[in-house]
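Chemist: Predicted model, plus sequence, below.
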Amino acid sequence: MKQNTMLAMILAGGRGSRLHDLTNKVAKPAVSYGGKYRIVDFPLSNCANSGIDIVGVLTQYESVLLNSYVAAGRRWGLDAKESGVFVLPPREKADANLDVYRGTADAISQNIDFIDTYSPEYLLVLSGDHIYKMNYAKMLAEHKANNADATIAVIGVPMKEASRFGIMNTDEEGRILDFEEKPEHPKSNLASMGIYIFNWKALRKMLVADMKDPDSKHDFGKDIIPHLLNEDKRLFAYKFKGYWKDVGTIDSLWEANMDLLDTNNELDLNDPTWKIYTEDVTTLPHYIGANAQIKRAFITQGCVIEGEVRNSVLFTGAEVGEGAKVIDSVLMPGVKVEAGAVVTRALVADSVKIGKEAVVGCADSEHIELVAKRVKGVE
């Protein structure tokens with residue numbers, strides 16, 4: 001097996017409990033986004049576009065759909081002889097009879113043998129539940145230039161929100177001096193994006209020791225990064241400038257979809273130089289009825305619109321009946337809004353049916369309403 005310069009491991013095993021019913025049966029990285037994509041399409045497409053040929057996807061909770069989805073490496077051009085996307089579920093632990101990853105570092109530790117198969121010089125560790133576009137090859141070049149032991153991607157966040165994140169404090173050269181997990185009084189606004197590059201041989205030794213430590217949480221943020229800092233290793237921040245969204249809540253997932261309505265949005269899903277690859281679903285073109293009214297909408301193939309759609313995002317196969325109104329809302333794949341129904345400031349889950357003349361959501365609500373079950377209307 002040839003040696004690879006860098007191998008990627010995507011942490012895609014999170015429960016996603018803050019997305020409520022959306023992740024009851026589907027892993028968070030497999031949740032739909034942007035009309036026709038799934039969240040995991042973004043790190044996988046970034047890998048393909050960055051020239052990374054081998055990608056391990058570490059799955060765990062409600063992973064059946066995610067496993068089958070990512071196993072089709074051809075979607076991202078990662079199905080050639082010397083490339084591939086590999087699904088890596090947890091191993092059963094004989095001592096506790098558990099098949100879970102105990103933490104982010106443990107997820108990598110349990111797959112050391114897989115990584116060793118490819119003898120990478122560097123290991124790229126990614127979160128599988130963020131929406132962004134990044135050239136990891138540029139991050140690696142900076143890692144090498146700094147002669148770093150580890151490089152952590154960071155993004156500037158508003159100072160008033162910094163206490164929600166893991167914050168990196170750096171010197172003028174970008175070397176990380178200390179790391180604070182959700183500090184009450186943050187010293188900087190450089191938030192960790194959960195994207196790391198490590199020198200594999202050094203990290204491997206640390207992971208082997210971490211597995212044997214009964215007091216460890218087996219986590220990169222809580223154990224590995226602090227240990228590296230305590231050892232005075234060379235850790236550097238890679239400052240990312242561009243669109244990045246942690247879609248951990250219903251409100252943030254709604255916001256990320258609504259961002260697509262901005263013609264100048266930084267994500268730009270139509271950029272031919274950095275394509276986001278996804279499943280090619282065979283469906284009819286969208287249909288707009290003679291009496292339909294559409295204003296500032298993102299409409300995907302297979303949609304049928306006979307009512308009013310305003311400031312909303314409609315995924316593949318969504319239907320809006322005659323006289324129905326969809327306002328400030330996100331309709332996921334296969335949603336049906338029947339005649340006369342009104343949907344306002346809501347996120348409607350896959351294949352949910354909103355009955356005739358039913359009313360969902362409220363224009364004045366503080367939070368976005370998640371509609372995950374059928375709403376009965378006039379029979």
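Modeler: Right, received. Where do you want to start?
Chemist: what about the residue lying farthest from the centre of the chain, distance to residue 255?
Modeler: Note on the chain: the largest C-alpha distance from the chain mean falls to residue 379, namely 39.6 Å (Cα atoms, centre = their mean). Relative to residue 255, residue 379 is positioned 35 Å away (Cβ to Cβ, to the nearest Å). All C-beta atoms are positioned from the backbone trio N, CA, C, and that covers glycine.
Chemist: re earlier: can you pull the contacts of the residue farthest from the centre of the chain?
Modeler: For residue 379, the contact set (Cβ atoms under 8 Å, 6 or more residues apart in numbering) comprises 355, 356.
Chemist: pLDDT value on it, please?
Modeler: pLDDT, residue 379: 75.
Chemist: pLDDT-wise, which helix or strand of the chain ranks last?
Modeler: Sorting the helices and strands of the chain by mean pLDDT, DSSP states H and E puts helix 64-70 at the bottom, at a mean of 78.
Chemist: Which parts of that one count as buried, going by neighbours?
Modeler: With burial defined by 16 or more other Cβ atoms under 10 Å, the residues of helix 64-70 counted as buried are 66, 67, 69, 70.
Chemist: got it, and stretch 179-187?
Modeler: 179, 180, 186.
Chemist: Save those residues as JSON lines, and put in pLDDT too.
Modeler: Below are these laid out as JSON lines (pLDDT from 0 to 100):
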{"residue": "179", "pLDDT": "92"}
{"residue": "180", "pLDDT": "90"}
{"residue": "186", "pLDDT": "91"}
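Chemist: is it true that residue 166 touches residue 193?
Modeler: No - the pair residue 166 / residue 193 is not scored as a contact, 9.4 Å apart, by Cβ atoms under 8 Å.
Chemist: Of the buried residues of stretch 179-187, just say which sits nearest to residue 107.
Modeler: Minimum distance to residue 107 across those is 19.5 Å, recorded for residue 179 (Cβ to Cβ).
Chemist: Just confirm that closest one is within a helix.
Modeler: No - using DSSP: H, G, I helix; E, B strand; the rest coil, the assignment for residue 179 is strand, not a helix.
Chemist: any idea how far it is from residue 265?
Modeler: For residue 179, the distance to residue 265 - Cβ to Cβ - is 31 Å.
Chemist: Over to residue 100?
Modeler: 37 Å.
Chemist: Which of the two has more residues huddled nearby?
Modeler: residue 100 (17 against 12; other Cβ atoms under 10 Å).
Chemist: Who are the contact partners of that one?
Modeler: Residue 100 neighbours (Cβ under 8 Å, 6+ apart): 60, 90.
Chemist: what kind of secondary structure is it in?
Modeler: Judged by three-state DSSP, the three-state class of residue 100 is coil.
Chemist: Show me what the helix or strand that contains residue 140 is packed up against.
Modeler: If you go by DSSP states H and E, residue 140 is part of helix 136-145. Contacts defined by 3 or more Cβ pairs under 8 Å, 6 or more residues apart in numbering; DSSP states H and E place helix 136-145 against strand 6-12, strand 122-127, strand 150-156, strand 190-199, strand 235-239.
Chemist: So which of those is nearest residue 218?
Modeler: strand 6-12 (12.5 Å).
Chemist: mind checking pLDDT for residue 84?
Modeler: Predicted confidence (pLDDT) for residue 84: 81.
Chemist: ok, how many other residues are close to the nearest residue to residue 202 once chain neighbours are set aside?
Modeler: Leaving aside its sequence neighbours, residue 202 sits nearest to residue 149 (Cβ to Cβ, 6 or more residues apart in numbering; 6.1 Å). Neighbour count of residue 149, defined by other Cβ under 10 Å: 19.
Chemist: now do residue 283
Modeler: 14.
Chemist: now do residue 165
Modeler: Residue 165: 22 neighbours (other Cβ under 10 Å).
Chemist: got it, and residue 372?
Modeler: There are 16 residues near residue 372, going by other Cβ under 10 Å.
Chemist: Who are the contact partners of the closest residue to it other than its chain neighbours?
Modeler: In space, and not counting its chain neighbours, residue 372 is closest to residue 21: 3.5 Å by Cβ to Cβ, 6+ apart. Contacts for residue 21 (Cβ under 8 Å, 6+ apart) come out as 349, 370, 372, 373.
Chemist: State the pair within those that is farthest apart.
Modeler: Among these, 370 and 373 lie farthest apart (Cβ to Cβ), at 9.8 Å.
Chemist: More neighbours: which of these two?
Modeler: Remark: of residue 370 and residue 373, residue 370 carries more neighbours, 22 against 10, as counted by other Cβ under 10 Å.
Chemist: For the nearest residue to that one once chain neighbours are set aside, which residues are in contact?
Modeler: Spatial nearest neighbour of residue 370, chain neighbours left out: residue 250 (4.9 Å); criterion: Cβ to Cβ, 6+ apart. The contact partners of residue 250, by Cβ under 8 Å, 6+ apart, come to 18, 19, 20, 22, 347, 367, 368, 370.
Chemist: The closest residue to residue 243 other than its chain neighbours in helix, strand or coil?
Modeler: Distances taken as Cβ to Cβ, 6+ apart put residue 266 closest to residue 243, at 3.7 Å, once the chain neighbours are dropped. Secondary structure for residue 266, judged by three-state DSSP, is coil.
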